[in-house]
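In: pasting the sequence and the predicted coordinates here, then a few questions.
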Amino acid sequence: NLNSEPLEAESASGCYEHLHQLFVTKNSVLCNEVQKNFRELSHACPDAKDHIAQEDIPLPPRFQNVHDTAWPLFINSRDFLLMLDASLPVEPYDGPFFKRADDGTLLRQIEGWGEEDTNLAYIPSEDSDDEKELEDDIHQTNFATAANNPDGKSKSTQVKESDTRREITYQVFRNEIWPKMIKNRKLNYHPTLVWMEIRSFIKGSAEALLTKDGYLTLEKYLELGRKRAPNFSDEDRKIVFELFQIFQRHRSSNRMFDESDLVFNLHCRLQESGAPEWSIHRIYVDETQDFTQAELSLIIRCCRHPNDLFFTGDTAQSIMRGIAFRFSDLKSLFYHANNSRPLETRRGHVHVPDRLYQLIHNYRSHAGILRLASSVVDLLLHFFPESFDRLEKDQGLFDGPKPVILESCSLPDLAMILRGNRRQTSRIEFGDDQVVLVASEESRESIPE
């Protein structure tokens with residue numbers, strides 16, 4: 001809000017600087033849409049003319065090189081981690097996590113990076129120029145090509161080779177590593193649940209960030225409460241930890257890494273550096289349920305004023321594999337943040353939120369759809385009571401029409417029902433406001449013209 005919010009904030013040195021705000025989410029499509037809306041609002045605000053002038057200039061790879069008028073920033077979590085990697089000091093580590101040119105741009109492509117997020121994208125229609133432009137924006141990597149120069153062109157070496165390491169996505173875990181983990185073992189564990197234990201708890205918990213090696217010991221893993229990690233009993237957790245040790249050995253011997261390794265590296269460097277030379281004063285996180293506790297702890301640690309954070313999301317809408325998140329656990333992250341900050345960077349007490357705000361009025365769907373969705377959530381809560389936050393049911397503004405169910409019919413009959421005998425009297429019009437939902441890409445391809 002350029003009119004009511006102060007454009008200055010206190011820096012680590014005590015002087016005032018331009019207010020730096022950051023919007024971050026896992027979903028690249030959502031991130032681009034929010035940025036597009038903000039830009040449209042900015043064009044209606046005379047005070048935002050300096051920000052508008054920065055719109056078409058690619059972001060530099062480092063936070064300290066972002067021009068003051070380019071803030072606020074809208075970036076997805078993957079680009080946030082890449083930018084943070086280039087922005088932090090490298091001592092006492094052997095360089096950044098990813099090889100960089102002198103200007104901070106990536107020297108090598110990262111195999112597997114971002115592949116797991118493709119389920120967050122969508123299929124644009126063939127005749128939509130805006131969606132085509134948005135798709136191009138999503139797939140470009142500013143941090144590999146942009147440098148901090150006036151014309152926005154890169155001075156760095158273009159990416160020509162791949163990093164010798166591979167990221168372990170769920171697909172890599174399931175198809176390549178999981179068969180080796182269960183070799184000669186008779187286990188009835190689903191790989192998704194074991195992946196969740198590794199990604200969300202053993203390596204992705206806030207406690208794992210404070211360990212020497214970036215993951216919990218067996219003893220610490222067993223100490224996690226059943227409400228927080230309800231999928232396995234103590235005896236099963238011992239077996240899961242043995243599987244995790246096989247996972248780590250395979251990861252090391254095959255020069256692989258997972259996102260938790262990067263987050264741990266960044267957190268350690270942030271702890272070592274104390275107050276960084278750059279500032280982010282406020283951070284807004286959307287779809288919080290798609291982040292691990294370790295990622296959220298890192299975000300909290302990056303904010304100059306940890307009490308100026310905004311988290312929103314819905315645990316019943318989680319779509320990222322391996323993420324176990326509850327808003328009731330979010331409060332503990334502020335407690336960890338207060339105790340883990342170096343003394344020289346502590347400027348006031350980090351307040352632990354005393355309540356969660358529920359947004360129960362839904363302005364996007366009518367009450368009939370909301371009741372249907374609530375019935376599904378009720379089933380999930382019944383069978384998996386510790387996997388979701390118990391919230392009040394969403395309320396709609398009006399009931400809406402009842403759905404029409406076609407139990408079975410031939411394709412000609414279906415075409416007649418959808419089109420109507422006469423176009424003028426057809427009750428169904430297909431266009432920008434109608435969609436056909438299908439179960440898979442194969443189903444989409446088999447739909448009749």
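Out: Thanks, I have the structure now.

In: look up the closest residue to Val352, ignoring the ones flanking it.
Out: Once flanking residues are discounted, Val352 sits nearest to Phe334: 4.5 Å by C-beta to C-beta, 6 or more residues apart in numbering. All C-beta spots, glycine's among them, are computed from the backbone N, C-alpha and C.

In: for the closest residue to Lys238 other than its chain neighbours, grab the count of nearby residues.
Out: Taking C-beta to C-beta, 6+ apart, and ignoring the residues beside it in sequence, Lys238 has Leu218 as its nearest neighbour in space, at 6.9 Å. The tally of other residues near Leu218 (other C-beta atoms under 10 Å) stands at 15.

In: Leu218 reaches Asp234, doesn't it?
Out: No - using C-beta atoms under 8 Å as the test, Leu218 is too far from Asp234 to be in contact (10.4 Å).

In: mind exporting stretch 93-110 as CSV, just the C-alpha atoms?
Out: Taking C-alpha atoms only, stretch 93-110 is exported to CSV below (Å, rounded to 0.1, in the frame of the first residue of the first chain):
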residue,chain,number,x,y,z
TYR,A,93,32.0,-22.6,3.3
ASP,A,94,33.7,-23.5,0.0
GLY,A,95,31.7,-21.0,-2.1
PRO,A,96,27.9,-20.8,-2.6
PHE,A,97,25.8,-23.9,-2.9
PHE,A,98,25.6,-23.5,-6.6
LYS,A,99,28.5,-22.3,-8.8
ARG,A,100,28.3,-18.6,-9.7
ALA,A,101,29.8,-16.1,-12.0
ASP,A,102,31.4,-12.9,-10.6
ASP,A,103,28.1,-11.1,-10.9
GLY,A,104,26.2,-13.9,-9.0
THR,A,105,24.5,-15.5,-11.9
LEU,A,106,24.4,-19.3,-12.2
LEU,A,107,27.2,-20.9,-14.2
ARG,A,108,25.5,-24.3,-14.6
GLN,A,109,22.1,-25.7,-15.0
ILE,A,110,20.7,-27.6,-12.0
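
In: Met196 sits in which helix or strand?
Out: Met196 is part of helix 191-196, with elements assigned from DSSP states H and E.

In: can you give me the strands in this structure?
Out: Assigned strands in the chain, in chain order: 8-10, 16-18, 21-25, 73-76, 108-111, 161-167, 256-257, 282-285, 309-311 (criterion: DSSP state E).

In: can you lay out those strands as TSV showing mean neighbour count?
Out: Converted to TSV, the strands of the chain look like this (neighbours: other C-beta atoms under 10 Å):
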stretch	mean neighbour count
strand 8-10	15
strand 16-18	15
strand 21-25	21
strand 73-76	20
strand 108-111	17
strand 161-167	15
strand 256-257	20
strand 282-285	21
strand 309-311	17
